[in-house]
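Peer 1: Provide a 3D model corresponding to the input given below.
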Amino acid sequence: MNIVSPQMLKLKIDPANTVSALLLLPAAARACFVFAHGAGAGMTHAFMEQVAAGLYERGIATLRYQFPYMEQGSKRPDVPAMAHATVRAAVAEAAQCCPGLVLVAGGKSFGGRMTSQAQAATPLAGVRGLAFLGFPLHPAGKPSDTRARHLTDAGLPMLFIQGTRDKLAEQRLLEPVVKRLGASASLHLVQEADHAFHVPARSGRNDRDVMNEIAATLSAWIGKLVT
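Peer 2: Sure thing, here's the model as predicted:
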């Protein structure tokens, strides 16, 4: 993937909270993915950068952004109300920076879950679909589908990109969740990938192969929303 320099932005969430954001905007962009990070690593993590670069090469803009706790260097994620407010601020910024483009929102793990919760509570203005890269269906070793209950209220097309070895989303539980959501929900399984989308050497693939698969899958799905 080519190295692309993003535009640095600031998002004002409320009078007391401002966070950083990064915009990658191709010259002929057809959509923008409002891309939230996972619980343990911020918007500049290699995974976030590689997905953003892969989408850029496929004509899709990305707006990556920090949650306040990450901006402040804390390890404890924000309470849902603050996380939801941050998602809304990012979506509003994307609409302003990318006028006329189809907006899709979501993210890696925690970021995707906070985005879907925000959408389920009150629709995100202008967003046409939700995309999850490793939806955290349950804590490791505690299989359950209770974290997915709000998804029925989201009311948008959804894409789940999930590793088959993801310990935070057992396949036997995730597949019925996606099926219950109906025809507007899609599941793409990345074979042998874990929650971080790493694959073992025995798989015959490497992380670069997986990143290409993720970017291609997400780009194709967004393309269907555009048309």
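Peer 1: my guess is residue 166 meets residue 192, correct?
Peer 2: No - shown here, residue 166 and residue 192 do not form a contact pair, counting by Cβ atoms under 8 Å, at 10.6 Å. Using the backbone N, CA and C atoms, a C-beta is placed for each residue, glycine as well.
Peer 1: more crowded one of those two?
Peer 2: Comparing residue 166 with residue 192 by other Cβ atoms under 10 Å, the one with more neighbours is residue 166, at 23 against 16.
Peer 1: distance check, the more buried one against residue 155.
Peer 2: Distance, residue 166 to residue 155, using Cβ to Cβ, to the nearest Å: 25 Å.
Peer 1: now do the helices in the chain.
Peer 2: 46-57, 68-71, 80-97, 110-121, 171-181, 207-226 (DSSP state H).
Peer 1: please write out the alpha-carbon positions of the shortest one in PDB.
Peer 2: In PDB, the C-alpha atoms belonging to helix 68-71 read as follows (Å, rounded to 0.1, in the frame of the first residue of the first chain):
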ATOM      1  CA  PRO A  68     -11.700  11.300  24.600                       C
ATOM      2  CA  TYR A  69     -10.100   8.700  26.900                       C
ATOM      3  CA  MET A  70      -7.600   7.800  24.200                       C
ATOM      4  CA  GLU A  71      -6.800  11.400  23.500                       C
END
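Peer 1: now for that helix, which elements pack on it?
Peer 2: When contacts are defined as 3 or more Cβ pairs under 8 Å, 6 or more residues apart in numbering; DSSP states H and E, helix 68-71 sits against strand 17-24.
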